[in-house]
Structures are given as structure tokens and as C-alpha cells.
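Peer 1: Here is a sequence together with a model predicted from it:
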Amino acid sequence: MTNENEKDTFDAADFLSKAGIGRTIVEFEAKQTFFSQGDSADTIFYLQRGRAKLTVVSKAGKEATITLLSQGDFVGEESLASIPGLRLYTASAVNSCAALKITREEMAHVMNEEPLFADLFLKFMLARSMRTQADLVDQLFNSSEKRLARVLVLMAEFGKEGERDISIPPISQETLAEMIGTTRSRVSFFMNRFRKLGFINYNGRIQVHRSLLNVVLLDQFPGHNSEKLEVASSRKQLKPVLKEMRSSSSD
């Protein structure tokens, strides 16, 4: 009876907040790595504070940012595969981070022994899978301007009550370009456009307004000319597009 009561009162939040058997709390400064691509996949991290990013490097040496992570995310879940392998990407801190480092054995043990924790982790994995699928659809079908808008909205983590405008952690235009598959100059162009349209502000850090959600959810760019601006390559091509945009804005 005692064991059943202990299982019924298992506190996943408490487990993920403290060090214990098979788990330690580790601190990372900005740019420090949790693990590197090619390392042995033998631990999993739970991000308690701060932001992290996942990057991959091709054989040619080109680096790309896969995604950004925030408080409450697990990192390195591939270590739970039945046959341990190597890390497929590098996880590094974007800013000062704290994370719970859990051994593969302890993670597997608590998932087997505690249904509540297994349920929590399963929900995380499903959310991660849905996010990955959404990222793929975004890359395949959306313009780079809309992809940038989506990344900024995700980084702002809208949904917190009482917050109208949210500042995101410092991030370079090069990193944003890697994430959406375009050039830094295009990101700079789109960021300036977002600022002029009132979607974002620059105040030391990027401040994202909720109006940017309309771009992501409802595809409400003024005049819907973001694609035209991206493909137009000469001044002659741009003139009618800009004229149409000014006309749409005045309406």
C-alpha cells in the first residue's frame, strides 16, 4: 500500500527541479555546449532556465540552426533509443542556462516506474513531433518572410496573460537566416519591413508585438505582397509592386 501511495503522489515538477540519483544540475554560460554533434548519446537534459539552440554542421562545414529551445524543454531525447548512438546535432546555450542532466539509465527507470512522468514526457515528444512537422511545412510552402515572422512569434512565446509585447532573447540575423533558409541581407530587409509596419521594435533587444500573429495565423501582410518583393530582382520590377503596396496601405 505504501508503494502505491508513493507512486500516486509522484511530483514530476519536483523531480525535474532537484538533483538526485542519476541527475545533476548544471549551469551553462552563453555559447557553451550541452553536447556536440558526434558525441555519445548517453544523457538527456531538462532546461530549467534560459534558452538553447540546436545546430548541425554538414560535411562541407556549413552550419545550420535547427530550432531554439526554452525553459521546460527536454534536450537530447535521442539518448532513450533502444540502441544508444551518436548525437546528430549540437546543443548550445543562447544565454545563461540551468539544466537538469539525467543519465539514460535514470530516465528510463523513472519512466518505467512513474506513469505520470512517462505521460508528461510523451506529451512533450508529441508536441516536439508536431513542431517538427510544422517546421517542415513552413519550409516547403511559406515565403521566407512568413517563416521569419513565425520564428519570431515562437521565440516570443505568446500566450502569457497580461503581456502585450514580448522581448525575445538576443539573436543574430545570421542565426535567423540559418533557421529560415535565406540570407542575412533578406532577414535585414524583412526585419526593417516588420518594424515599419509596427510588428516589432528594436530597443536593445527585439520586441515582438501581437500584431505579428496575424501574419502567421491569418497571412495578413498589407497587400499580400511579401512574395512579390522577394522575387523582384530589379528596380523596374519593384516599381509596380511598391505602387500597389502603397495603394493597398492607403485603403
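Peer 2: Now that the structure is in, tell me what you want to look at. Numbering: from 1, shown residues only.

Peer 1: which stretches of the stretch 151-251 of the chain form strands?
Peer 2: 165-167, 200-203, 205-209 (DSSP state E, counting those that start in this stretch).

Peer 1: Dump the ones you listed into JSON lines; add mean pLDDT and distance to Phe189 as well.
Peer 2: Just so you know, the C-beta spots here come from the backbone N, C-alpha and C atoms, and that holds for glycine as well. Shown next, in JSON lines, are the strands of the stretch 151-251 of the chain (pLDDT from 0 to 100; distance: least, Cβ to Cβ, whole Å):
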{"stretch": "strand 165-167", "mean pLDDT": "72", "distance to Phe189": "22"}
{"stretch": "strand 200-203", "mean pLDDT": "84", "distance to Phe189": "13"}
{"stretch": "strand 205-209", "mean pLDDT": "88", "distance to Phe189": "15"}
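
Peer 1: Could you say which helix or strand holds the residue nearest to Glu178 when sequence neighbours are not counted?
Peer 2: The shortest distance from Glu178 to any non-neighbouring residue, by Cβ to Cβ, 6 or more residues apart in numbering, is to Thr65 (4.3 Å). Using DSSP states H and E, Thr65 falls within strand 63-69.

Peer 1: coming back round to it: looking at the strands of the stretch 151-251 of the chain, which is nearest to Ser143?
Peer 2: Ranking these by proximity to Ser143 (Cβ to Cβ) places strand 200-203 first, at 17.3 Å.

Peer 1: in the closest one, what counts as buried?
Peer 2: Ile200 (16 or more other Cβ atoms under 10 Å).

Peer 1: Got the domain ranges for the chain?
Peer 2: 2-138, 142-220 (automatic domain parsing).
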